[in-house]
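Trainee: Turn this into a model:
(2 chains)
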Amino acid sequence: MKRTKIKIALNSDSAMEEILIKGWVRTKRDNKGFSFLELNDGSSIKTIQAIIDHTPEIEAALARVGTGAAVAISGELVESPGKGQKWEVRGKTLKVIGEADQETFPLQKKRHSDEFLRGIAHLRPRTNKFGAMFRIRSELAQAIHKYFAEKDFFYIHTPIITGSDCEGAGEMFRVTSLEAGSKETAENDFFGKPSHLTVSGQLSAEMFSLSLGDVYTFGPTFRAENSNTPRHVAEFWMIEPEIAFSDLVDDMDLGEDMIKYLITHILDNCPDDIELFAKWVDKTLMSTLEGILREPFKRLPYTEAIEILKKTKKDFEYPVEWGIDLQTEHERFLCEEKFKKPVFVYDYPKTIKPFYMRMNDDNKTVAAMDCLVPRIGEIIGGSQREERMDVLVARMDEAGLNKDEYWWYLDSRRYGSVPHAGFGMGFERMLMLVTGVANIRDVMPFPRTPKSLDF
RNA sequence: UCCCCAGUAGCUCAGUUGGCAGAGCGGGUGACUGUUAAUCACUAGGUCCGCGGUUCAAGUCCGUGCUGGGGAGCCA
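Mentor: Numbering: from 1, shown residues only, chains lettered A, B, ... in the order given. The predicted structure is shown next:
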């Protein structure tokens, strides 16, 4: 007989004379003459209760079963006479697939701290919370592809290994095939030049936007920053759409529409898993998400943001002046206190933004935009790209970049250049927004952070 | 990388002016004919993060290192 997934069994319309379920025991309750087992197989957050009468064989099997053990139970699916569940399995046979030593199995029938579970990241998906998390993570990834497919975007696989060592988005990890301690120079390394893990697929994506129109990348990204915060990791996933014949307003429209689509999709498709987070992790989750869906995001030019910050009576640790980059305290004030909703801040001073962002007519600001959301901060960072060859070259010279390294990038402006824009969205930060989880290490299977590379 | 806090049983934590190491939960054993993180009784369980120092005596005080957490910077 084929096993029935627990999710399917629990959704059954009718009783079943024969059923086989397999899963991990969450709890065993013994009575005189019979026992209850609750099984979870990961197909949903719910467990199915099995009741099984004691026989010598069953008792021998039960002696080897505790929390965490993997078992198979065959029997019939019947209406439960007990409270709390519609269906239960009346077991006839019990087979132990994999034992779990109760003296050493670290997961107990109680809540564990997030810190403890991080130390056993290989087992934490067996808990309700992390099982729910990783089902939602899967669904969110699928929703991203669905969203772009519906809008006729093309999915581009940009390279993980990059040869340009100055993409300007942070410290990079070196890639080499040389032995550790080797005195060989980069010319004798695998690629014959320095190579690194990508910090962004943007420059590559731009090339395909200027060919296929609307494109996106969705893949791993690496930053060798020594960041120790609940919002940063060394390896994370980023979504980077790039849209041709488009400006900064189109870019913000896309970002806002996408955030709303993804939230709606998760609320519609993961109600049981989201409920756990709304109940145990963030009591304000539902009102926060519904609030984001309800209204248009605030769109605020940087210059106006500075004026608002200067006018407010709040005592900021960092003084506000036109030309500074917004500090976390400023961003939080704008989206959590002043507007109480997601805020796009746009048209930043050119001095604090990279060379590829499009120069505005004031010659002081560039067409950049950051989307700030409550609690998480920057979830999207993007810009309209500089499509004018002469302006772009001047900006590269200002930044002291070697134009020879970017010959292919400049070619895209030399031949058939068009206005285009794009942004990067942190996939994990989106997951934090959707679930209310406060630490990015708890939305990833095996997070990579400074001084931490277990599993 | 900087600032702050923490590290005691498997987990969560208490531990007084420096004086014999504690609780709840979990585990084990037993009881119980419908339980829901079952209940009840009994029971085992410790490198007090590592190293060095002060002291008759250190979980407790001092120094240092490691690890974890929070805040900041960097950003997504």
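Trainee: Of all the residues in chain A, which one is nearest RNA strand B?
Mentor: Proximity of chain A to RNA strand B (CB to the nearest atom of the strand) peaks at A:G82, 2.2 Å away. Backbone N, C-alpha and C define where each C-beta goes, glycine included.
Trainee: Verify the stated contact: that residue with A:E38.
Mentor: No: applying CB atoms under 8 Å as the test, A:G82 and A:E38 come out as separate, 11.8 Å apart.
Trainee: In contact with the residue of chain A closest to RNA strand B, which residues?
Mentor: By CB atoms under 8 Å, 6 or more residues apart in numbering, the contact list for A:G82 reads A:49, A:88.
Trainee: pLDDT score for it?
Mentor: You'll see A:G82 listed with a pLDDT of 88.
Trainee: Check A:I380 too.
Mentor: pLDDT for A:I380: 96.
Trainee: now swap in the one 4 residues further on and tell me
Mentor: Per-residue pLDDT puts A:Q384 at 97.
Trainee: A:D315 now?
Mentor: For A:D315, the pLDDT comes out at 81.
Trainee: Look up phi and psi at it.
Mentor: In terms of degrees, to the nearest 10, the main-chain angles of A:D315 are phi -90, psi 100.
Trainee: what's the burial count for it?
Mentor: Neighbourhood size, A:D315 [other CB atoms under 10 Å]: 6.
Trainee: Check A:R448 too.
Mentor: Neighbour count for A:R448, taken as other CB under 10 Å: 15.
Trainee: From A:E235, how far off is it?
Mentor: 4 Å (CB to CB, to the nearest Å).
Trainee: got it, and A:L20?
Mentor: To A:E235, A:L20 is 39 Å away according to CB to CB.
Trainee: Would you mind listing the residues touching both of A:G82 and A:E38?
Mentor: Shared contacts of A:G82 and A:E38, defined by CB under 8 Å, 6+ apart, comprise A:Q49.
Trainee: Can you give me the buried ones in stretch A:152-162?
Mentor: Across stretch A:152-162, burial judged by 16 or more other CB atoms under 10 Å covers A:153, A:156, A:158, A:162.
Trainee: same deal with stretch A:60-80?
Mentor: Within stretch A:60-80, the residues scored as buried using 16+ other CB under 10 Å are A:61-62, A:65-75, A:77, A:80.
Trainee: likewise stretch A:118-131?
Mentor: Residues of stretch A:118-131 classed as buried by neighbour count (16+ other CB under 10 Å): A:118, A:121, A:124-131.
Trainee: quick one on the thing from earlier: show me the buried residues of stretch A:60-80 that map onto helices.
Mentor: Residues of the buried residues of stretch A:60-80 located in helices (DSSP state H): A:61-62.
Trainee: and the buried residues of stretch A:60-80 near RNA strand B, which?
Mentor: The subset of the buried residues of stretch A:60-80 lying close to RNA strand B, counting by CB under 7 Å from any atom of the strand, consists of A:66-67, A:80.
Trainee: could you pull out the helices for the stretch 301-450 of chain A?
Mentor: For the stretch 301-450 of chain A, applying DSSP state H, counting those that start in this stretch gives helices covering A:302-311, A:328-332, A:389-399, A:407-414, A:427-435.
Trainee: With respect to A:E57, which of those helices lies nearest?
Mentor: Evaluated with CB to CB, the helices of the stretch 301-450 of chain A place helix A:427-435 nearest to A:E57, the distance being 43.5 Å.
Trainee: what packs against that closest one?
Mentor: In terms of contacts (3 or more CB pairs under 8 Å, 6 or more residues apart in numbering; DSSP states H and E), helix A:427-435 is packed against helix A:128-150, strand A:235-244, helix A:248-269, strand A:377-384.
Trainee: Take these and lay them out in TSV including distance to RNA strand B.
Mentor: Below are the helices and strands packed on helix A:427-435 laid out as TSV (distance: least, CB to the nearest atom of the strand, whole Å):
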stretch	distance to RNA strand B
helix A:128-150	10
strand A:235-244	4
helix A:248-269	10
strand A:377-384	3
